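A.B. asks: Show me how the following folds:
(2 chains)
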Amino acid sequence: DAGITQSPRHKVTETGTPVTLRCHQTENHRYMYWYRQDPGHGLRLIHYSYGVKDTDKGEVSDGYSVSRSKTEDFLLTLESATSSQTSVYFCAIRTSGSYEQYFGPGTRLTVT
Amino acid sequence: AQSVSQHNHHVILSEAASLELGCNYSYGGTVNLFWYVQYPGQHLQLLLKYFSGDPLVKGIKGFEAEFIKSKFSFNLRKPSVQWSDTAEYFCAVNSGGSNYKLTFGKGTLLTVNP
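C.D. replies: Numbers count the residues shown, from 1 in each chain, chains lettered A, B, ... in the order given. Predicted coordinates for the structure are as follows:
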């Protein structure tokens, strides 16, 4: 499972509140990614990181920010949650010397 | 921007039937191709991958895929499906130079009836 954990696993929050999701890895991988999964859309990249303090936007980054202050943690923040951000969020890592990504267990977020 | 198309939204088969799921991508250069599987309530797992070499690649659980460069396709196959193959299948493409980002298709839900 590539040593990836996500927290929380489930969260219900109200519109307008800030939310932070955490992705933690134990194997010192350089690249980390945040995706959202929605029915009929597959997985879409929100943000990614290619090192400590090095991050960039994906295709659906509006309304999200990220931070990576240490190698093992990649945080995704919804500054002011909206109902359109109700989704399942997956974190992924890329192992060195390969192109594939391995995924964490996901966080189901509901914004009411 | 590259894109990935999966032709079938939902496929329903009986056990022992053969499976082929279509995947086409838009990028014309060197690509790395993947199929992921997501069993109900679980995260994505890598099923198989193609980087270079033999265009017919074999993955876990009896799945295989064929890369046809001229058709920009990477179709997934299995000669005889089982009830336990019920899952959603995602094709993904990485064009190499873009920080290893993956572009996913929208997924194909496979239902196998016993």
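A.B. asks: Export the helix or strand hosting B:L13 to CSV, keeping only CA atoms.
C.D. replies: If you go by DSSP states H and E, B:L13 is part of strand B:10-14. This file holds the C-alpha atoms of strand B:10-14, laid out as CSV (Å, rounded to 0.1, in the frame of the first residue of the first chain):
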residue,chain,number,x,y,z
HIS,B,10,-21.0,0.5,-17.8
VAL,B,11,-20.4,-3.0,-19.0
ILE,B,12,-22.4,-5.9,-17.7
LEU,B,13,-21.2,-9.5,-18.3
SER,B,14,-21.8,-12.9,-17.1
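A.B. asks: Need the pLDDT of the spatially most distant residue from the centre of chain A.
C.D. replies: Within chain A, A:G97 marks the point farthest from the mean C-alpha position, 22.1 Å out by C-alpha atoms, centre = their mean. A:G97 carries a pLDDT score of 78 in this model.
A.B. asks: cool, the one 4 residues further on as well?
C.D. replies: Model confidence at A:Q101, expressed as pLDDT, equals 92.
A.B. asks: show me the contacts for it.
C.D. replies: By C-beta atoms under 8 Å, 6 or more residues apart in numbering or on different chains, A:Q101 lies in contact with A:33, A:92-94, B:100, B:102. C-beta coordinates here come from the backbone N, C-alpha and C atoms, glycine included.
A.B. asks: Break down chain B into its helices, ranges please.
C.D. replies: Along chain B, no segments are classed as helices by DSSP state H.
A.B. asks: My guess is A:V60 contacts A:L45. True?
C.D. replies: Yes. Taking contacts as C-beta atoms under 8 Å, A:V60 lies within contact range of A:L45: 7.1 Å.
A.B. asks: which stretches of chain A form strands?
C.D. replies: Here chain A has its strands, by DSSP state E, at A:4-7, A:10-13, A:19-25, A:31-38, A:42-51, A:54-57, A:64-70, A:73-78, A:87-94, A:101-103, A:107-111.
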